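Asks: what follows is a predicted protein model with its sequence.
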Amino acid sequence: MNYSKHNITGVTSDGRHFIVNPLSGNADILDPAWMDDFTSGRWKHKDDYAAKGYIVDPAVEAVRYEKAYREFIASRANDEVQLFFVPWYACNFACTYCYQDQYTNPSQTLSTGVVDAFFNYVENNFAGRKKYITIFGGEPLLDGPAARASIGGIIDRAKTAELDIAVVTNGYTLSSYVPLLSGARLREVQVTLDGMRETHDARRPLKNGGSSFDRVVAGIDDALAAGMTVNLRVVVDAENIGELPALAQFAKDRGWTALKHFKTQLGRNYELHHCQSERSKLFSRLSLYSRLAEMIPDNPVILDFHKPAFSIAKFLFENGELPQPLFDSCPACKTEWAFDYTGTIYSCTANVGKKGEELGTFFPDVTHDAAAIAHWQQRDVTSIDACGNCALQLACGGGCGAVAENSSGSINSPDCRPVDKLIGLGLATYFHKAE
Ligand code: SF4
Ligand code: SF4
(Lines give C-alpha, C1' and ligand atoms only; values in the text may rest on other atoms or scores of the structure.)
(Ligands and ions follow the chains in the order given, each with its own letter.)
Protein backbone atom coordinates (compact mmCIF):
# COMPACT_ATOMS: atom_id res chain seq x y z
CA MET A 1 0.00 0.00 0.00
CA ASN A 2 1.13 3.56 -0.78
CA TYR A 3 -0.14 6.98 0.09
CA SER A 4 -2.84 8.04 -2.34
CA LYS A 5 -1.73 10.42 -5.12
CA HIS A 6 -4.79 12.51 -4.29
CA ASN A 7 -4.29 13.23 -0.61
CA ILE A 8 -4.43 16.97 -0.03
CA THR A 9 -2.94 17.70 3.36
CA GLY A 10 -2.33 20.94 5.15
CA VAL A 11 -2.83 23.00 8.25
CA THR A 12 -5.88 25.13 8.88
CA SER A 13 -5.35 28.77 9.65
CA ASP A 14 -6.16 27.96 13.30
CA GLY A 15 -3.48 25.27 13.49
CA ARG A 16 -5.27 21.95 12.88
CA HIS A 17 -4.00 19.37 10.42
CA PHE A 18 -6.37 18.09 7.78
CA ILE A 19 -6.52 15.58 4.97
CA VAL A 20 -8.90 15.72 2.01
CA ASN A 21 -9.05 13.17 -0.79
CA PRO A 22 -11.32 14.26 -3.65
CA LEU A 23 -11.02 10.90 -5.40
CA SER A 24 -12.13 8.75 -2.47
CA GLY A 25 -14.47 11.48 -1.21
CA ASN A 26 -13.13 11.54 2.34
CA ALA A 27 -11.96 14.38 4.54
CA ASP A 28 -10.76 14.56 8.16
CA ILE A 29 -9.44 17.07 10.59
CA LEU A 30 -6.66 15.16 12.29
CA ASP A 31 -5.70 14.94 15.90
CA PRO A 32 -1.94 15.03 16.48
CA ALA A 33 -1.67 11.30 17.32
CA TRP A 34 -3.50 10.35 14.11
CA MET A 35 -1.24 12.68 12.14
CA ASP A 36 1.93 11.19 13.65
CA ASP A 37 0.78 7.66 12.91
CA PHE A 38 -0.31 8.50 9.39
CA THR A 39 2.91 10.26 8.43
CA SER A 40 5.12 7.67 10.15
CA GLY A 41 4.28 5.05 7.52
CA ARG A 42 4.10 2.40 10.26
CA TRP A 43 0.32 2.77 10.34
CA LYS A 44 -1.28 1.37 13.47
CA HIS A 45 -4.63 2.24 11.86
CA LYS A 46 -3.82 0.93 8.41
CA ASP A 47 -7.31 -0.47 7.80
CA ASP A 48 -8.92 2.89 8.59
CA TYR A 49 -6.60 4.70 6.20
CA ALA A 50 -7.23 2.14 3.47
CA ALA A 51 -11.01 2.31 3.99
CA LYS A 52 -10.84 6.08 3.44
CA GLY A 53 -8.61 5.81 0.39
CA TYR A 54 -5.76 7.68 2.07
CA ILE A 55 -3.50 4.67 1.47
CA VAL A 56 -4.11 2.61 -1.63
CA ASP A 57 -2.91 -0.04 -3.98
CA PRO A 58 -1.72 2.27 -6.82
CA ALA A 59 -3.14 -0.04 -9.50
CA VAL A 60 -6.55 -0.01 -7.81
CA GLU A 61 -6.41 3.77 -7.46
CA ALA A 62 -5.56 4.13 -11.16
CA VAL A 63 -8.70 2.17 -12.04
CA ARG A 64 -10.77 4.31 -9.67
CA TYR A 65 -9.34 7.44 -11.30
CA GLU A 66 -10.20 6.25 -14.82
CA LYS A 67 -13.74 5.40 -13.76
CA ALA A 68 -14.22 8.78 -12.09
CA TYR A 69 -12.89 10.51 -15.20
CA ARG A 70 -15.32 8.67 -17.47
CA GLU A 71 -18.17 9.58 -15.12
CA PHE A 72 -17.08 13.25 -15.11
CA ILE A 73 -17.04 13.41 -18.92
CA ALA A 74 -20.39 11.62 -19.20
CA SER A 75 -22.03 13.82 -16.60
CA ARG A 76 -20.73 17.01 -18.21
CA ALA A 77 -22.28 15.98 -21.51
CA ASN A 78 -25.64 16.42 -19.76
CA ASP A 79 -24.76 19.71 -18.09
CA GLU A 80 -26.46 22.88 -19.17
CA VAL A 81 -24.56 25.03 -21.68
CA GLN A 82 -24.25 28.78 -21.08
CA LEU A 83 -24.26 30.71 -24.36
CA PHE A 84 -23.09 34.30 -24.03
CA PHE A 85 -24.31 36.76 -26.63
CA VAL A 86 -22.74 40.22 -26.98
CA PRO A 87 -25.06 42.61 -28.82
CA TRP A 88 -22.37 45.35 -28.79
CA TYR A 89 -19.21 46.22 -26.93
CA ALA A 90 -20.29 49.81 -26.32
CA CYS A 91 -20.58 50.84 -22.68
CA ASN A 92 -21.73 53.87 -20.76
CA PHE A 93 -19.21 53.27 -17.94
CA ALA A 94 -15.45 53.77 -17.78
CA CYS A 95 -14.51 51.23 -15.10
CA THR A 96 -10.92 51.53 -13.97
CA TYR A 97 -10.27 47.80 -14.42
CA CYS A 98 -12.17 47.03 -17.63
CA TYR A 99 -10.40 44.29 -19.59
CA GLN A 100 -12.28 45.22 -22.77
CA ASP A 101 -11.15 48.85 -22.83
CA GLN A 102 -8.45 48.24 -25.41
CA TYR A 103 -10.63 46.23 -27.75
CA THR A 104 -11.21 47.96 -31.06
CA ASN A 105 -14.26 46.16 -32.33
CA PRO A 106 -16.15 48.12 -34.96
CA SER A 107 -19.17 49.90 -33.62
CA GLN A 108 -21.92 48.62 -35.80
CA THR A 109 -25.49 48.11 -34.80
CA LEU A 110 -26.94 44.70 -34.16
CA SER A 111 -28.88 43.54 -37.19
CA THR A 112 -31.90 41.29 -37.01
CA GLY A 113 -30.07 39.06 -39.50
CA VAL A 114 -27.35 38.43 -36.90
CA VAL A 115 -29.91 37.73 -34.18
CA ASP A 116 -31.74 35.30 -36.46
CA ALA A 117 -28.47 33.61 -37.41
CA PHE A 118 -27.51 33.30 -33.74
CA PHE A 119 -30.76 31.58 -32.78
CA ASN A 120 -30.56 29.31 -35.84
CA TYR A 121 -27.00 28.40 -34.89
CA VAL A 122 -28.06 27.61 -31.32
CA GLU A 123 -30.95 25.47 -32.55
CA ASN A 124 -28.75 23.53 -34.97
CA ASN A 125 -25.58 23.18 -32.95
CA PHE A 126 -26.92 22.68 -29.44
CA ALA A 127 -29.98 20.58 -30.25
CA GLY A 128 -30.77 18.22 -27.42
CA ARG A 129 -28.55 20.09 -24.93
CA LYS A 130 -29.91 21.96 -21.94
CA LYS A 131 -28.92 25.58 -22.51
CA TYR A 132 -29.60 29.21 -21.74
CA ILE A 133 -28.46 32.53 -23.10
CA THR A 134 -26.63 35.22 -21.18
CA ILE A 135 -26.75 38.69 -22.69
CA PHE A 136 -23.38 40.30 -22.07
CA GLY A 137 -21.42 43.34 -23.26
CA GLY A 138 -19.99 45.97 -23.18
CA GLU A 139 -23.15 47.07 -21.48
CA PRO A 140 -26.20 45.39 -22.97
CA LEU A 141 -28.84 47.54 -21.27
CA LEU A 142 -27.92 50.83 -22.93
CA ASP A 143 -30.38 53.68 -22.92
CA GLY A 144 -32.19 54.74 -26.08
CA PRO A 145 -34.79 53.22 -28.37
CA ALA A 146 -32.40 51.31 -30.66
CA ALA A 147 -30.78 49.40 -27.78
CA ARG A 148 -34.16 48.67 -26.18
CA ALA A 149 -35.54 47.39 -29.47
CA SER A 150 -32.51 45.13 -29.93
CA ILE A 151 -32.70 43.70 -26.41
CA GLY A 152 -36.47 43.29 -26.82
CA GLY A 153 -35.84 41.39 -30.05
CA ILE A 154 -33.44 38.98 -28.32
CA ILE A 155 -35.92 38.47 -25.47
CA ASP A 156 -38.68 37.66 -27.98
CA ARG A 157 -36.52 35.24 -29.96
CA ALA A 158 -35.46 33.49 -26.77
CA LYS A 159 -39.10 33.11 -25.74
CA THR A 160 -39.98 31.62 -29.11
CA ALA A 161 -37.06 29.21 -28.78
CA GLU A 162 -38.16 28.39 -25.20
CA LEU A 163 -34.80 29.44 -23.82
CA ASP A 164 -34.13 31.22 -20.55
CA ILE A 165 -31.98 34.30 -20.55
CA ALA A 166 -29.73 35.97 -18.02
CA VAL A 167 -28.38 39.50 -18.28
CA VAL A 168 -25.03 40.86 -17.13
CA THR A 169 -25.36 44.61 -16.63
CA ASN A 170 -23.66 47.48 -14.85
CA GLY A 171 -27.14 48.30 -13.53
CA TYR A 172 -27.30 51.95 -14.56
CA THR A 173 -30.49 51.63 -16.60
CA LEU A 174 -31.84 48.55 -14.84
CA SER A 175 -34.87 50.29 -13.33
CA SER A 176 -36.05 51.44 -16.72
CA TYR A 177 -35.50 47.97 -18.20
CA VAL A 178 -37.55 46.18 -15.51
CA PRO A 179 -40.79 46.27 -17.56
CA LEU A 180 -39.05 44.83 -20.63
CA LEU A 181 -37.21 42.18 -18.62
CA SER A 182 -40.42 41.26 -16.79
CA GLY A 183 -41.70 39.84 -20.05
CA ALA A 184 -38.63 37.63 -20.53
CA ARG A 185 -37.89 34.06 -19.48
CA LEU A 186 -35.42 35.68 -17.12
CA ARG A 187 -33.20 33.55 -14.97
CA GLU A 188 -31.18 36.29 -13.33
CA VAL A 189 -29.69 39.73 -13.66
CA GLN A 190 -26.07 40.13 -12.64
CA VAL A 191 -25.21 43.61 -11.40
CA THR A 192 -21.90 44.91 -10.10
CA LEU A 193 -21.58 47.10 -7.02
CA ASP A 194 -18.02 47.66 -5.85
CA GLY A 195 -18.56 49.33 -2.51
CA MET A 196 -20.33 52.26 -0.95
CA ARG A 197 -20.96 55.42 -2.99
CA GLU A 198 -17.51 57.02 -3.01
CA THR A 199 -15.61 53.81 -3.65
CA HIS A 200 -18.04 52.43 -6.22
CA ASP A 201 -18.13 55.73 -8.11
CA ALA A 202 -14.33 56.00 -8.18
CA ARG A 203 -14.06 52.51 -9.72
CA ARG A 204 -17.20 52.43 -11.85
CA PRO A 205 -17.96 55.97 -13.02
CA LEU A 206 -20.01 56.93 -16.02
CA LYS A 207 -17.99 57.67 -19.16
CA ASN A 208 -18.38 61.37 -18.40
CA GLY A 209 -17.14 60.81 -14.86
CA GLY A 210 -20.58 61.03 -13.25
CA SER A 211 -21.77 58.98 -10.28
CA SER A 212 -23.49 55.66 -10.90
CA PHE A 213 -24.06 54.37 -7.34
CA ASP A 214 -27.61 55.60 -6.70
CA ARG A 215 -28.90 54.43 -10.06
CA VAL A 216 -27.37 50.96 -9.62
CA VAL A 217 -28.83 50.61 -6.11
CA ALA A 218 -32.25 51.74 -7.36
CA GLY A 219 -32.00 49.22 -10.20
CA ILE A 220 -31.29 46.40 -7.75
CA ASP A 221 -34.21 47.51 -5.55
CA ASP A 222 -36.59 47.62 -8.50
CA ALA A 223 -35.48 44.32 -9.99
CA LEU A 224 -35.83 42.56 -6.63
CA ALA A 225 -39.23 44.18 -6.06
CA ALA A 226 -40.33 42.82 -9.43
CA GLY A 227 -39.34 39.33 -8.25
CA MET A 228 -36.25 39.02 -10.44
CA THR A 229 -33.24 37.11 -9.20
CA VAL A 230 -30.38 39.54 -8.73
CA ASN A 231 -26.84 38.22 -8.60
CA LEU A 232 -24.79 41.01 -7.06
CA ARG A 233 -21.14 40.89 -8.02
CA VAL A 234 -18.43 42.75 -6.15
CA VAL A 235 -15.12 43.02 -7.98
CA VAL A 236 -12.55 43.01 -5.22
CA ASP A 237 -9.00 44.22 -4.88
CA ALA A 238 -6.94 45.85 -2.16
CA GLU A 239 -8.56 49.22 -2.87
CA ASN A 240 -12.09 48.18 -1.89
CA ILE A 241 -11.94 45.01 0.19
CA GLY A 242 -11.99 47.03 3.42
CA GLU A 243 -15.45 48.21 2.44
CA LEU A 244 -16.95 44.75 2.26
CA PRO A 245 -18.39 44.83 5.81
CA ALA A 246 -20.09 48.17 5.10
CA LEU A 247 -21.46 46.91 1.79
CA ALA A 248 -22.68 43.71 3.44
CA GLN A 249 -24.43 45.74 6.16
CA PHE A 250 -25.92 48.03 3.50
CA ALA A 251 -27.33 45.02 1.61
CA LYS A 252 -28.70 43.62 4.87
CA ASP A 253 -30.28 46.92 5.95
CA ARG A 254 -31.93 47.24 2.54
CA GLY A 255 -33.52 43.86 2.99
CA TRP A 256 -31.68 42.30 0.07
CA THR A 257 -29.89 39.52 1.93
CA ALA A 258 -33.15 38.21 3.40
CA LEU A 259 -34.55 37.53 -0.09
CA LYS A 260 -34.25 34.08 -1.63
CA HIS A 261 -33.82 35.65 -5.05
CA PHE A 262 -30.81 37.71 -3.99
CA LYS A 263 -27.43 36.10 -4.66
CA THR A 264 -23.88 37.39 -4.47
CA GLN A 265 -20.48 36.66 -5.90
CA LEU A 266 -17.04 38.08 -5.24
CA GLY A 267 -14.99 38.55 -8.38
CA ARG A 268 -11.28 38.93 -8.00
CA ASN A 269 -9.84 41.81 -9.99
CA TYR A 270 -6.91 40.25 -11.83
CA GLU A 271 -4.85 40.87 -14.89
CA LEU A 272 -6.43 39.20 -17.86
CA HIS A 273 -5.31 40.61 -21.18
CA HIS A 274 -3.39 43.71 -20.24
CA CYS A 275 -2.41 45.63 -17.17
CA GLN A 276 -5.79 46.92 -16.03
CA SER A 277 -4.74 48.75 -12.95
CA GLU A 278 -1.85 49.13 -10.59
CA ARG A 279 -0.51 45.69 -9.89
CA SER A 280 -0.02 46.51 -6.22
CA LYS A 281 -3.81 46.73 -5.83
CA LEU A 282 -4.47 43.24 -7.17
CA PHE A 283 -4.89 40.23 -4.93
CA SER A 284 -3.64 36.78 -5.75
CA ARG A 285 -6.30 34.15 -5.19
CA LEU A 286 -4.62 33.19 -1.92
CA SER A 287 -4.14 36.73 -0.63
CA LEU A 288 -7.79 37.55 -1.33
CA TYR A 289 -9.09 34.52 0.54
CA SER A 290 -6.57 35.02 3.36
CA ARG A 291 -7.81 38.57 3.80
CA LEU A 292 -11.43 37.41 3.81
CA ALA A 293 -10.66 34.74 6.40
CA GLU A 294 -9.02 37.39 8.56
CA MET A 295 -11.94 39.80 8.24
CA ILE A 296 -14.84 37.39 8.80
CA PRO A 297 -14.42 36.71 12.56
CA ASP A 298 -14.59 40.46 13.33
CA ASN A 299 -17.23 41.15 10.67
CA PRO A 300 -19.62 38.19 10.60
CA VAL A 301 -22.05 40.28 8.51
CA ILE A 302 -19.84 39.39 5.56
CA LEU A 303 -21.17 35.81 5.75
CA ASP A 304 -24.78 37.10 5.70
CA PHE A 305 -23.87 38.71 2.39
CA HIS A 306 -21.57 36.13 0.86
CA LYS A 307 -20.13 32.79 1.92
CA PRO A 308 -16.77 32.38 0.16
CA ALA A 309 -16.12 28.95 -1.36
CA PHE A 310 -12.54 28.50 -0.08
CA SER A 311 -12.09 25.85 -2.80
CA ILE A 312 -14.21 22.87 -1.70
CA ALA A 313 -14.44 23.83 2.00
CA LYS A 314 -17.82 25.55 1.82
CA PHE A 315 -19.29 22.69 -0.20
CA LEU A 316 -18.10 20.23 2.44
CA PHE A 317 -19.57 22.37 5.21
CA GLU A 318 -22.95 22.83 3.51
CA ASN A 319 -23.36 19.32 2.11
CA GLY A 320 -21.50 17.15 4.61
CA GLU A 321 -19.60 15.54 1.73
CA LEU A 322 -17.05 16.46 -0.89
CA PRO A 323 -18.05 17.39 -4.43
CA GLN A 324 -17.31 14.99 -7.27
CA PRO A 325 -13.67 15.02 -8.43
CA LEU A 326 -13.05 18.08 -10.61
CA PHE A 327 -11.10 16.98 -13.67
CA ASP A 328 -11.68 20.31 -15.38
CA SER A 329 -12.49 23.77 -14.05
CA CYS A 330 -12.56 25.53 -17.43
CA PRO A 331 -15.93 25.30 -19.21
CA ALA A 332 -14.73 26.98 -22.45
CA CYS A 333 -16.11 25.22 -25.56
CA LYS A 334 -17.58 22.54 -23.30
CA THR A 335 -20.39 24.12 -21.30
CA GLU A 336 -19.65 27.72 -22.24
CA TRP A 337 -19.42 29.53 -25.58
CA ALA A 338 -19.54 33.20 -26.54
CA PHE A 339 -20.90 34.93 -29.63
CA ASP A 340 -20.89 38.55 -30.69
CA TYR A 341 -22.80 40.88 -32.96
CA THR A 342 -20.15 40.59 -35.70
CA GLY A 343 -21.15 36.96 -36.19
CA THR A 344 -18.00 35.59 -34.52
CA ILE A 345 -17.74 32.60 -32.20
CA TYR A 346 -15.38 32.52 -29.18
CA SER A 347 -14.59 30.08 -26.39
CA CYS A 348 -15.93 32.09 -23.45
CA THR A 349 -16.38 35.52 -21.89
CA ALA A 350 -12.66 35.92 -21.19
CA ASN A 351 -11.93 35.77 -24.91
CA VAL A 352 -15.03 37.20 -26.52
CA GLY A 353 -14.08 40.09 -28.81
CA LYS A 354 -10.35 39.43 -28.47
CA LYS A 355 -8.40 39.43 -31.72
CA GLY A 356 -6.78 36.08 -32.41
CA GLU A 357 -9.28 34.14 -30.28
CA GLU A 358 -11.94 33.68 -32.97
CA LEU A 359 -13.11 30.06 -33.31
CA GLY A 360 -15.47 30.51 -36.25
CA THR A 361 -18.52 32.40 -37.42
CA PHE A 362 -22.27 31.98 -37.24
CA PHE A 363 -22.99 34.89 -39.63
CA PRO A 364 -23.08 35.44 -42.53
CA ASP A 365 -21.90 31.82 -42.92
CA VAL A 366 -21.31 29.09 -40.40
CA THR A 367 -17.60 28.26 -40.19
CA HIS A 368 -15.58 26.51 -37.50
CA ASP A 369 -11.89 26.32 -36.67
CA ALA A 370 -12.21 22.67 -35.73
CA ALA A 371 -8.60 22.29 -34.57
CA ALA A 372 -8.77 25.30 -32.26
CA ILE A 373 -12.10 24.15 -30.81
CA ALA A 374 -10.77 20.65 -30.24
CA HIS A 375 -7.75 22.15 -28.49
CA TRP A 376 -10.02 23.92 -25.99
CA GLN A 377 -12.21 20.86 -25.59
CA GLN A 378 -9.39 18.51 -24.69
CA ARG A 379 -8.02 20.79 -21.97
CA ASP A 380 -8.33 19.19 -18.52
CA VAL A 381 -6.03 17.84 -15.82
CA THR A 382 -5.37 14.70 -17.86
CA SER A 383 -4.01 16.72 -20.81
CA ILE A 384 -1.92 19.30 -18.92
CA ASP A 385 1.42 17.66 -18.17
CA ALA A 386 2.05 19.63 -14.98
CA CYS A 387 -1.24 18.49 -13.47
CA GLY A 388 -0.54 14.78 -13.90
CA ASN A 389 1.45 14.41 -10.71
CA CYS A 390 -0.21 17.17 -8.74
CA ALA A 391 -2.04 16.08 -5.60
CA LEU A 392 -4.34 19.10 -5.90
CA GLN A 393 -5.62 18.25 -9.37
CA LEU A 394 -9.08 16.95 -8.48
CA ALA A 395 -9.94 20.02 -6.43
CA CYS A 396 -8.18 22.49 -8.74
CA GLY A 397 -9.25 21.25 -12.16
CA GLY A 398 -6.32 22.95 -13.94
CA GLY A 399 -7.67 26.49 -13.58
CA CYS A 400 -8.57 28.88 -16.39
CA GLY A 401 -7.41 28.25 -19.95
CA ALA A 402 -7.36 31.95 -20.81
CA VAL A 403 -5.21 32.82 -17.79
CA ALA A 404 -2.92 29.89 -18.62
CA GLU A 405 -2.61 31.07 -22.23
CA ASN A 406 -1.82 34.61 -21.13
CA SER A 407 0.95 33.51 -18.85
CA SER A 408 2.55 30.70 -20.87
CA GLY A 409 1.31 31.19 -24.45
CA SER A 410 -0.54 27.86 -24.36
CA ILE A 411 -3.99 27.01 -23.10
CA ASN A 412 -2.67 23.54 -22.36
CA SER A 413 -0.68 24.73 -19.39
CA PRO A 414 -1.62 25.03 -15.71
CA ASP A 415 -3.32 27.94 -13.98
CA CYS A 416 -2.51 26.73 -10.48
CA ARG A 417 -4.92 27.26 -7.60
CA PRO A 418 -3.54 26.95 -4.08
CA VAL A 419 -6.40 24.69 -3.06
CA ASP A 420 -4.60 23.19 -0.06
CA LYS A 421 -4.13 26.64 1.48
CA LEU A 422 -7.66 27.70 0.53
CA ILE A 423 -9.13 24.59 2.14
CA GLY A 424 -7.12 25.35 5.29
CA LEU A 425 -8.61 28.83 5.43
CA GLY A 426 -12.11 27.54 4.72
CA LEU A 427 -12.06 24.75 7.29
CA ALA A 428 -11.06 27.29 9.97
CA THR A 429 -13.84 29.63 8.82
CA TYR A 430 -16.65 27.08 8.67
CA PHE A 431 -15.62 24.24 11.00
CA HIS A 432 -14.86 26.01 14.24
CA LYS A 433 -12.46 24.57 16.76
CA ALA A 434 -14.15 22.95 19.75
CA GLU A 435 -13.73 25.35 22.71
S1 SF4 B 1 -10.88 30.22 -20.18
FE2 SF4 B 1 -11.12 30.95 -18.05
S3 SF4 B 1 -12.78 32.45 -18.19
FE4 SF4 B 1 -12.87 31.16 -20.03
S5 SF4 B 1 -14.27 29.48 -19.51
FE6 SF4 B 1 -12.21 28.79 -19.06
S7 SF4 B 1 -12.03 29.25 -16.86
FE8 SF4 B 1 -13.71 30.48 -17.62
S1 SF4 C 1 -3.19 23.76 -12.42
FE2 SF4 C 1 -1.47 23.60 -10.97
S3 SF4 C 1 -2.42 23.26 -8.94
FE4 SF4 C 1 -3.96 22.87 -10.52
S5 SF4 C 1 -3.84 20.66 -10.85
FE6 SF4 C 1 -2.55 21.62 -12.39
S7 SF4 C 1 -0.49 21.64 -11.49
FE8 SF4 C 1 -1.96 21.26 -9.82
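Replies: Sure, I can see it. Model, not experiment: these values are computed from the prediction. Ligands and ions are numbered 1, 2, ... in the order given.
Asks: give the buried residues for stretch 351-366.
Replies: Using 16 or more other Cβ atoms under 10 Å as the burial criterion, the residues of stretch 351-366 that qualify are 351-354, 357-363. Quick note: C-beta positions are derived from backbone N, CA and C, even for glycine.
Asks: helices and strands of the chain: which one bottoms out on pLDDT?
Replies: When each helix and strand of the chain is scored by mean pLDDT, DSSP states H and E, helix 32-40 comes last, with a mean of 90.
Asks: ok so, going back, relative to ligand 2, which of the buried residues of stretch 351-366 is nearest.
Replies: Nearest to ligand 2 out of the buried residues of stretch 351-366 is Asn351 (Cβ to the nearest ligand atom; 18.8 Å).
Asks: thought that closest one was touching Ala338?
Replies: Yes. Here Asn351 lies in contact with Ala338, judged by Cβ atoms under 8 Å, at a distance of 7.0 Å.
Asks: the stretch 251-400 of the chain: strands as residue ranges?
Replies: Read by DSSP state E, counting those that start in this stretch, the stretch 251-400 of the chain holds these strands, from start to end of the chain: 262-268, 336-340, 344-346, 360-361, 367-368.
Asks: closest one to Phe250 among the ones you listed?
Replies: Distances from Phe250 to each of the strands of the stretch 251-400 of the chain were compared using Cβ to Cβ; the shortest belongs to strand 262-268, at 12.3 Å.
Asks: that closest one: partners in the sheet, and parallel or antiparallel?
Replies: Applying DSSP bridges, strand 262-268 is found paired with strand 230-236 (parallel).
Asks: flag the shaky bits of this structure, pLDDT-wise.
Replies: Scanning the chain for pLDDT under 70 picks out 100-108, 271-280, 434-435.
Asks: these two touch, right, Tyr346 and Lys355?
Replies: No. Under the criterion of Cβ under 8 Å, Tyr346 makes no contact with Lys355, lying 10.8 Å away.
Asks: list the buried ones in stretch 113-123?
Replies: Going by neighbour count (16+ other Cβ under 10 Å), the buried part of stretch 113-123 is 114-115, 117-119, 121-122.
Asks: helices - which of those residues land there?
Replies: 114-115, 117-119, 121-122 (DSSP state H).
Asks: circling back to that earlier point, what's the least confident helix or strand of the chain packed up against?
Replies: Judged by 3 or more Cβ pairs under 8 Å, 6 or more residues apart in numbering; DSSP states H and E, the packing partners of helix 32-40 are strand 17-21.
Asks: ok, back up a step: what residues does the least confident helix or strand of the chain touch?
Replies: The contact list for helix 32-40, computed with Cβ atoms under 8 Å, 6 or more residues apart in numbering, reads 17, 19, 28, 30, 43-45, 49, 54.
Asks: quick one: work out the angle between that helix and strand 17-21.
Replies: Relative orientation of helix 32-40 with respect to strand 17-21: 60 degrees, computed using axes from the mean of the first three to the mean of the last three Cα atoms, to 10 degrees.
Asks: any bit of stretch 53-66 sitting next to ligand 2?
Replies: No. Taking Cβ under 6 Å from any ligand atom as the criterion, stretch 53-66 and ligand 2 are apart, separated by no less than 13.5 Å.
Asks: wait, isn't Gly152 in contact with Leu180?
Replies: Yes. Gly152 sits in contact with Leu180 when judged by Cβ under 8 Å, with a separation of 5.8 Å.
Asks: what does the stretch 301-435 of the chain put close to ligand 1?
Replies: Residues of the stretch 301-435 of the chain lying close to ligand 1 (Cβ under 6 Å from any ligand atom) are 330-332, 336, 348, 350, 400-402.
Asks: switch to 8 Å and redo it
Replies: Near ligand 1, the residues belonging to the stretch 301-435 of the chain are 329-332, 336, 347-351, 399-405, 411, 415 when assessed by Cβ under 8 Å from any ligand atom.
Asks: count the neighbours of the nearest residue to Lys44 once chain neighbours are set aside for me.
Replies: Residue nearest to Lys44 in three dimensions, not counting chain neighbours: Asp37, with 5.2 Å by Cβ to Cβ, 6 or more residues apart in numbering. In terms of burial, Asp37 registers 17 neighbours under the definition other Cβ atoms under 10 Å.
Asks: same check on Val178?
Replies: Residue crowding around Val178 was assessed by other Cβ under 10 Å; the count is 16.
Asks: okay, and it sits in which element?
Replies: Using DSSP states H and E, the element containing Val178 is helix 174-182.
Asks: contacts for that helix, please.
Replies: The set of residues external to helix 174-182 that reach it, using Cβ under 8 Å, 6+ apart, is 141, 143, 148, 151-152, 155, 167, 169, 189, 191, 215-216, 218-220, 222-223, 226, 228.
Asks: for PyMOL, write the select line for the buried members of the residues you listed.
Replies: Remark: buried members of the contacts of helix 174-182, expressed as a PyMOL selection using 16+ other Cβ under 10 Å:
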select buried, resi 141+148+151+152+155+167+169+189+191+215+216+219+220+222+223+228
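Asks: rewinding a little: the residues of the stretch 301-435 of the chain next to ligand 1: which ones sit near ligand 2?
Replies: Checking those against ligand 2 (Cβ under 8 Å from any ligand atom), the matches are 399, 404, 415.
Asks: ok, so of the residues you listed, who is nearest Leu282?
Replies: Proximity to Leu282 was ranked across these by Cβ to Cβ; first place goes to Asp415, at 15.3 Å.
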